[in-house]
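Fold the following.
(2 chains)
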Amino acid sequence: GENVEQHPSTLSVQEGDSAVIKCTYSDSASNYFPWYKQELGKGPQLIIDIRSNVGEKKDQRIAVTLNKTAKHFSLHITETQPEDSAVYFCAATSFSNTGNQFYFGTGTSLTVIP
Amino acid sequence: GAGVSQSPSNKVTEKGKDVELRCDPISGHTALYWYRQSLGQGLEFLIYFQGNSAPDKSGLPSDRFSAERTGGSVSTLTIQRTQQEDSAVYLCASSRDSGDTQYFGPGTRLTVL
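Residues are numbered from 1 along each chain as shown, chains lettered A, B, ... in the order given. Sure thing, here's the model as predicted:
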């Protein structure tokens, strides 16, 4: 099955700086890669996603890049703000006999220091 | 529109008791997932329902765990004879179809004393 690795596990940045979180996956059949943000006491919320036919996607201060050859994808947050502090999870879909499962990374705890 | 809802939000139980956790997915979503998240950890896949197909139970950690999805909508996760190591946040997610974006509920925090 799929194996998703996520780095770093914790990340601290100064407000206004950029933050980058990286994930690798093992199954070349994976074709959908969402990123989730989880604030304390809440469920994960989708913030951006990318499909395998696209190399980069941007939404305001958030961008995601995908390298299918190397099987890795990254989340980029620019001009970070204190409200960006949360745990971020990457995920990848991998086909199975019963449908598509999502495989999640272990999460990155981002702290933005004012 | 309403998102995924879960109940109860918090559940405290004694070791050995059975518990039922409920998930109401987004209306019209055919896929429903249960995950477990231990303190400070990632998301552990438990079980996945897709339409009328047999559920994928490959993530259930033991036979004390079971889940049903009635009428293709509401789902109940049941943990029998709870153990302290079952303490975690149980998250439910639904998607329009398998492989589509998953939308998560707020979770149920289970504490087994």
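
count of neighbours near B:F49?
25 (other Cβ atoms under 10 Å in any protein chain shown). For every residue, glycine as well, the C-beta is placed using N, CA and C.

List, one by one, the residues from chain A near chain B.
A:32, A:34, A:36, A:41-46, A:49, A:89, A:93, A:96, A:98-107 (Cβ under 8 Å from any Cβ of the partner chain).

Just the buried subset of these, please.
A:32, A:34, A:36, A:43-44, A:49, A:89, A:93, A:98-107 (16 or more other Cβ atoms under 10 Å in any protein chain shown).

Local confidence estimate at the spatially most central residue of chain B?
For chain B, B:W34 is the residue whose C-alpha lies nearest the centre (Cα atoms, centre = their mean; 3.4 Å). Note for B:W34: predicted pLDDT of 96.

pLDDT at A:G41, what is it?
85.

Equivalent analysis for the one 5 residues further on, please.
Residue-level confidence at A:L46 comes out at 93, pLDDT.

Could you list which of the residues of chain A next to chain B belong to strands?
A:32, A:34, A:36, A:45-46, A:49, A:89, A:93, A:96, A:99-104 (DSSP state E).

now, the most widely separated pair of those?
A:Q45 and A:S96 (25.3 Å; Cβ to Cβ).

tell me the SS of A:E83?
Look at A:E83: counting by DSSP: H, G, I helix; E, B strand; the rest coil, its state is helix.

How about the contacts made by it?
A:V112 (Cβ atoms under 8 Å, 6 or more residues apart in numbering or on different chains).

Please name the bridge partners of A:A86.
Per DSSP bridges, the residues bridged to A:A86 are A:L110.

In this structure it contacts A:E39, no?
Yes - the pair A:A86 and A:E39 qualifies as a contact (Cβ atoms under 8 Å) at a distance of 4.9 Å.

Between the two, point out the one with more neighbours.
A:A86 (21 against 12).

Residues of chain B that sit close to chain A?
Checking chain B against chain A by Cβ under 8 Å from any Cβ, the hits are B:4, B:31, B:33, B:35, B:41-43, B:45, B:48, B:50, B:53-56, B:91, B:93, B:98-99, B:101-107.

The helix or strand containing B:S94 - what's its average pLDDT?
Secondary structure assignment for B:S94, by DSSP states H and E: strand B:88-95. For strand B:88-95, the mean pLDDT works out to 95.

Next secondary structure after that strand?
strand B:103-104.

so what does that following strand touch, helix or strand wise?
strand B:88-95 (3 or more Cβ pairs under 8 Å, 6 or more residues apart in numbering or on different chains; DSSP states H and E).

strand partners of the strand it packs on, parallel vs antiparallel please.
strand B:31-37 (antiparallel), strand B:103-104 (antiparallel), strand B:108-112 (antiparallel).

And the pLDDT for A:S96?
56.

Chain neighbours aside, what residue packs nearest to A:S26?
Closest residue to A:S26 apart from its sequence neighbours, by Cβ to Cβ, 6 or more residues apart in numbering or on different chains: A:N3 at 4.3 Å.

Tell me how many other residues crowd the one you found.
With other Cβ under 10 Å as criterion, A:N3 counts 12.

picking up where we left off before, the residue nearest to the centre of chain B reaches B:L77, doesn't it?
Yes - in this structure B:W34 lies within contact range of B:L77 using Cβ under 8 Å: 5.3 Å.

just to revisit the earlier point, dump the residue contacts of the residue nearest to the centre of chain B.
Neighbours of B:W34 in contact, by Cβ under 8 Å, 6+ apart: B:23, B:46-48, B:67, B:75, B:77, B:90-92.

can those residues go into JSON lines with extra columns for neighbour count?
Below are the contacts of B:W34 laid out as JSON lines (neighbours: other Cβ atoms under 10 Å in any protein chain shown):
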{"residue": "B:C23", "neighbour count": "26"}
{"residue": "B:L46", "neighbour count": "21"}
{"residue": "B:I47", "neighbour count": "21"}
{"residue": "B:Y48", "neighbour count": "25"}
{"residue": "B:A67", "neighbour count": "22"}
{"residue": "B:S75", "neighbour count": "23"}
{"residue": "B:L77", "neighbour count": "23"}
{"residue": "B:Y90", "neighbour count": "23"}
{"residue": "B:L91", "neighbour count": "26"}
{"residue": "B:C92", "neighbour count": "28"}
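
Fine by me, we can end here.
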